[in-house]
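Enquirer: quick one, what's the 3D model for this:
(one chain, ligands or ions: 2)
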Amino acid sequence: MRFRINRSRSATAYPSPERSAPTPAVHVVEPEVVEAPLSAHEQDLIRASVSVVEPFAADMTVYFYAVLFARYPEVRSLFPPGMDTQRGRLLRALLRIVELVDDPESLVRFCGHLGRDHRKFGTLSAHFPAVGECLLASLARYAGPAWTADIAAAWTKAYGAVADVMISAAEQDEAIRPAVWPATVVHRVSRGHNIVEITVRPHMPYEYAAGQYVSVETPWWPKLWRYYSPANAPREDGTLTFHVRAVAGGCVSSALVHQAAVGDVIQLGPPLGDMVLDAATYSDLLCVAGGTGLAPIRALVEEVARRGERHRVDLFLGARTGAELYGVDDMLRMAQRHHWLTIRGAVSQEYVPGIRGSLPEVLAEYGPWYQHDVYLSGPAPMVVAATETLTLRGTPPDRIHHDPFETPVLSFR
Ligand SMILES: Cc1cc2nc3c(=O)[nH]c(=O)nc-3n(C[C@H](O)[C@H](O)[C@H](O)COP(=O)(O)OP(=O)(O)OC[C@H]3O[C@@H](n4cnc5c(N)ncnc54)[C@H](O)[C@@H]3O)c2cc1C
Ligand code: HEM
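Expert: Ligands and ions are numbered 1, 2, ... in the order given. As a prediction, the model looks like this:
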């Protein structure tokens, strides 16, 4: 079966996402949407078929890529040479397609991001029918007798709706900015504990907002893109500083920490993320950072300073040991310059005079925080526990901001 994407639809069944979108650094035009949402019955068909194939997800992933690369060898070079750690990403996203289409606002917003972000992979509109065809072939094979014409029609419609939005967003994005930004490493400082600060200078203007994150590709691991958060608000000289911690066995983080040197050129993808300062509110801020989660929080603090707005900022830094309390001297220097900034440390696994406990425990001792805008950044368990502590104590969930934990574009808050 040849899979077709309908690029001539004109009905605008979905609303514009502008009202709920954060302030983007670059004005990106959201595509007009173009397909009636799936009916409840079609959503049920898709969900039911996912539950049939899910137990075979690993085999299905191997099959999907084998079919894709055999039928369309021209797309192989878009993917990493060794796909072990990455293999599941695209297919996992496709299996969650209902989440992408059953809420019109997410469809436009998230698939818009996804489409723009896919430009860095070298994806072309012509590749979408190929991926759709191989997705359906894989589903049909692993669903076996459960696969019906109605299910195939529901999948075709869902995939078509997502692909339409992604393609339109990518086409519009192409008119206003590059797909990737080469950037030269201009400075590198080791901070101990396998952490380095790397400063890069993009070869072209790179617009982002403090608190956003950026995907990075290194020359040592082509096609492996990983997210890192600039630790600075936008600077006049255009440079960005990343705080990178080498994780055990980690490809990209280890290369950045142990191999990257001044003069090397890395690639940046477009900025992503909603953890930015809300332009319209002037509430005080509670910021909570664990490990290199400090990076986007530091950028937000710099942004408050840059804007000169009268926020008070309470910043809690957490680590397991005092020695791991990363970035504390730098932040204390900032607090000396800015009377509105208060820094507190939380150390969970050893006695340090001052504060002891995990970040959520320490947060519960201070406060109240229910009138603050909250920014959380760090390991997922810390973010989850802090969110729970704060919501239990009355902070409205919509005032709690954090980055997604895994595949960013598919996280819904
Ligand atoms: C929105 C976002 C922002 C991020 N910002 C930063 C940042 O500013 N600085 C930073 O250093 N990292 C940051 N990360 C994490 C970063 O994107 C990579 O996941 C991390 O550097 C590991 O990549 P890798 O290629 O080295 O490891 P991989 O080769 O992908 O993984 C190797 C092994 O390490 C494990 N692993 C992967 N990530 C972690 C982790 N974070 N901790 C422990 N084990 C892990 C994997 O499960 C795997 O077993 C961010 C992630 C997200 C989603
Ligand atoms: C409806 C269509 C599609 C959806 C929903 C989708 C979704 C995704 C998602 C969520 C990721 C992971 C991104 C990340 O972790 O940063 C991804 C990765 C990727 N996608 Fe897509 N994608 C689609 C179509 C395509 C097409 C048509 C191509 C071109 C062949 C493509 C090529 C890639 C590549 C090369 C990667 C990175 C490889 C990897 O890290 O495994 N995608 N996709």
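
Enquirer: please enumerate the strands of the chain.
Expert: 181-190, 195-202, 213-217, 225-228, 240-245, 265-272, 285-290, 313-319, 341-347, 373-377, 400-402 (DSSP state E).

Enquirer: low-confidence ranges in this protein?
Expert: Across the chain, the ranges flagged by pLDDT under 70 are 1-36, 83-87, 280-281, 352-355, 407-413.

Enquirer: just want the residue of this structure that's nearest ligand 1.
Expert: Gly250 (2.3 Å; Cβ to the nearest ligand atom). Heads up, the C-betas are built off the backbone N, CA and C, glycines and all.

Enquirer: and that residue, how far is that from ligand 2?
Expert: According to Cβ to the nearest ligand atom, to the nearest Å, Gly250 stands 15 Å off from ligand 2.

Enquirer: do Pro37 as well
Expert: 16 Å.

Enquirer: repeat that for Asp314.
Expert: Applying Cβ to the nearest ligand atom, the value for Asp314 to ligand 2 is 32 Å.

Enquirer: also Arg92?
Expert: Going from Arg92 to ligand 2 by Cβ to the nearest ligand atom gives 7 Å.

Enquirer: could the strands of the chain be laid out in TSV, adding mean neighbour count?
Expert: Below are those laid out as TSV (neighbours: other Cβ atoms under 10 Å):
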stretch	mean neighbour count
strand 181-190	16
strand 195-202	21
strand 213-217	22
strand 225-228	20
strand 240-245	22
strand 265-272	21
strand 285-290	27
strand 313-319	24
strand 341-347	20
strand 373-377	25
strand 400-402	23
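
Enquirer: make JSON lines out of those and add distance to Pro73.
Expert: JSON lines is the format used below for the strands of the chain (distance: least, Cβ to Cβ, whole Å):
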{"stretch": "strand 181-190", "distance to Pro73": "27"}
{"stretch": "strand 195-202", "distance to Pro73": "33"}
{"stretch": "strand 213-217", "distance to Pro73": "22"}
{"stretch": "strand 225-228", "distance to Pro73": "22"}
{"stretch": "strand 240-245", "distance to Pro73": "35"}
{"stretch": "strand 265-272", "distance to Pro73": "24"}
{"stretch": "strand 285-290", "distance to Pro73": "44"}
{"stretch": "strand 313-319", "distance to Pro73": "48"}
{"stretch": "strand 341-347", "distance to Pro73": "53"}
{"stretch": "strand 373-377", "distance to Pro73": "41"}
{"stretch": "strand 400-402", "distance to Pro73": "41"}
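
Enquirer: domain ranges for this protein?
Expert: Here the domain parsing of the chain from automatic domain parsing is 40-174, 181-272, 285-410.

Enquirer: between these, which one is nearest to Asp278?
Expert: Closest to Asp278 of those is domain 285-410 (Cβ to Cβ; 6.6 Å).

Enquirer: that closest one and ligand 1 in contact?
Expert: Yes: residues of domain 285-410 are located near ligand 1 by Cβ under 6 Å from any ligand atom, namely 292, 295, 403-404, 408.

Enquirer: quick one on the thing from earlier: phi, psi for the residue of the chain closest to ligand 1 please.
Expert: For Gly250, the backbone dihedrals (degrees, to the nearest 10) come out as phi -80, psi 130.

Enquirer: number of residues surrounding it?
Expert: Neighbour count of Gly250, defined by other Cβ atoms under 10 Å: 16.

Enquirer: Asp274 too?
Expert: By other Cβ under 10 Å, 22 other residues sit near Asp274.

Enquirer: rewinding a little: want to throw the domains of the chain into JSON lines with distance to Asp278?
Expert: Compiled in JSON lines, those are given as follows (distance: least, Cβ to Cβ, whole Å):
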{"stretch": "domain 40-174", "distance to Asp278": "17"}
{"stretch": "domain 181-272", "distance to Asp278": "10"}
{"stretch": "domain 285-410", "distance to Asp278": "7"}
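
Enquirer: just confirm Pro368 contacts Arg393, I think it does.
Expert: Yes: the criterion here is Cβ atoms under 8 Å, and Pro368 meets it with Arg393 at 6.7 Å.

Enquirer: more neighbours: which of these two?
Expert: Arg393 (13 against 10).

Enquirer: next, the contact list for Thr387, please.
Expert: When contacts are counted by Cβ atoms under 8 Å, 6 or more residues apart in numbering, Thr387 touches 376, 397, 400, 402.

Enquirer: list the buried residues for stretch 356-374?
Expert: Residues of stretch 356-374 classed as buried: 358-364, 367, 369, 372-374 (neighbour count, 16 or more other Cβ atoms under 10 Å).

Enquirer: from those residues, pick the one nearest Val52.
Expert: The nearest member of the buried residues of stretch 356-374 to Val52, counting by Cβ to Cβ, is Pro360 at 39.4 Å.
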